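K.L.:
all I have is the shape, not the residue letters:
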Ligand SMILES: [Zn+2]
């Protein structure tokens, strides 16, 4: 029983490490993108975009845009594209 318990802890620990690393890397990437002149894309992104990238983390996606280049820092793949298809800017009617 003690053995099983120990393995469980190792598993939880490695999961936490993974999580922290990814979160930290994402934060660094965001800072880097902003330094490079990217700004957060606040429009709608069509599901076809994620299908194209084969990305299963669309729920974590955060897209950044510079001129007409899109970059995502939601998952490890760091998807990027210059194809605006599937990206819809919300029109501010207020
Ligand atoms: Zn992705």
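P.N.:
Happy to help now that I have it. Here the structure is a predicted model, which means the values were calculated and not measured. Numbering: from 1, shown residues only.
K.L.:
tell me the phi and psi of whatever residue of the chain ends up closest to the ion?
P.N.:
Using Cβ to the ion, the single residue of the chain nearest to the ion is residue 55, 3.4 Å away. (C-beta placed from N, C-alpha, C; glycine too.) The phi/psi pair for residue 55 (degrees, to the nearest 10) reads phi -100, psi 130.
K.L.:
spatially central residue in this protein, please.
P.N.:
residue 74 (0.6 Å; Cα atoms, centre = their mean).
K.L.:
continuing past the helix or strand of the chain with the lowest mean pLDDT, what's the next helix or strand?
P.N.:
When each helix and strand of the chain is scored by mean pLDDT, DSSP states H and E, helix 2-35 comes last, with a mean of 70. Next in sequence after helix 2-35, counting helices and strands by DSSP states H and E, comes strand 39-40.
K.L.:
okay, now the sheet partners of that next one, with direction.
P.N.:
Partners of strand 39-40 in the sheet, by DSSP bridges, are strand 63-66 (antiparallel).
K.L.:
other residues contacting the partner strand?
P.N.:
For strand 63-66, the external contacting residues (Cβ atoms under 8 Å, 6 or more residues apart in numbering) are 30, 33-34, 36-41, 45, 70-73, 87.
K.L.:
does that strand come close to the ion?
P.N.:
No - against the ion, strand 63-66 shows no contacts by Cβ under 5 Å from the ion, the least distance being 9.8 Å.
K.L.:
and residue 53, how many neighbours does it have?
P.N.:
Counted with other Cβ atoms under 10 Å, residues neighbouring residue 53 total 18.
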